[in-house]
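S.K.: Just to be clear, the model below is a prediction. Sequence and coordinates:
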Amino acid sequence: MDSDRKNVPRLRQVTNIQRATSTKARESWQMFTIMAEFIESAERLSELRPAVSIFGSARIRPDNPYYALGADIARRLSDEGFAVISGGGPGIMEAANKGAFEGKSPSVGLNIELPHEQSSNTWQNISLSFRHFFARKVAFVKYADAYVILPGGFGTLDELTEVLVLIQTGKSHRIPVILVGTAFWRGLLDWFRTQLVADGMIAAEDMELVQVIDEAANVVDAIFAFYEARDLVPAETDRQTGSFL
């Protein structure tokens, strides 16, 4: 019955013309800023292949062993021909950019505007600024041929689970996902097995989507081994669509 239908308001039905116009303008402008971020990232990064995205805590200080490890991994990747993409901020992000900057390949920072923690580091050959988290996350995944994740907080876990979901559901091609720091990640991976796998929330083979490595040289070797085992060569059509695989 019509009297039982819920009242779902629509913007076109707003009788206050000034309010409706203001709302439309605000929403439209936000859409344009999002589009601009996608366009700029495509313009600056689409030919930057191969590349590796490195994640980790913004709160880790330069005297932390993980900072030195992150810089070492990034430097080795850069010298092997991989552009290194990080969040452009302090902590592990800075370590990744610094290591890549000192290497042979580009150091990329995908900076985000935040009320605290985030401030751009100076070790960036290519620096992009984002207002929208999801546009930034698309760039992290779209232009990466591997993910390297060092210890971090909610943001790091968000990036980790994001790429795992995309690979698990077939929305992204399979790429190496490497967790650095056995001691840090052991508890989370044990929980994956004892809760998620045991309760049928994920399949047992989903655990194969990640590997844990502690040594910088072994991280680089694992990425090369992944692609050598699959005998993959990036085709021109893959480069045009932004996919290395």
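M.R.: Received the coordinates, thanks.

S.K.: drop to CA atoms for contacts and neighbour counts, all remaining ones
M.R.: Noted.

S.K.: ok, which stretches of the chain are helices?
M.R.: Secondary structure of the chain (DSSP state H): helices located at 17-45, 65-79, 92-101, 133-142, 154-168, 182-191, 216-230, 236-241.

S.K.: Quick one: mean pLDDT over the first one.
M.R.: I take that to be helix 17-45. The average pLDDT within helix 17-45 is 79.

S.K.: Equivalent analysis for stretch 109-126, please.
M.R.: Mean per-residue pLDDT for stretch 109-126: 83.

S.K.: can you tell me the distance between the two ends of it?
M.R.: 6 Å (Cα to Cα, to the nearest Å).

S.K.: again, but for stretch 203-215
M.R.: One end of stretch 203-215 to the other measures 28 Å (Cα to Cα).

S.K.: contacts for that stretch?
M.R.: Identification of contacts with stretch 203-215 by Cα atoms under 8 Å, 6 or more residues apart in numbering yields 164, 168, 176-182, 192-193, 197, 219.

S.K.: Name the nearest of the residues you listed relative to Leu77.
M.R.: The shortest approach to Leu77 among the contacts of stretch 203-215 belongs to Val219, at 8.8 Å (Cα to Cα).

S.K.: isn't the closest one right up against Ile178?
M.R.: Yes: counting by Cα atoms under 8 Å, Val219 does reach Ile178; the two are 7.4 Å apart.

S.K.: Identify the residues contacting Gly103.
M.R.: Arg75, Arg76, Ser78, Asp79.

S.K.: meant to ask about Gly153, not that
M.R.: Gly153 is in contact with Gly56, Ser57, counting by Cα under 8 Å, 6+ apart.

S.K.: how much space is there between it and Val138?
M.R.: 19 Å.
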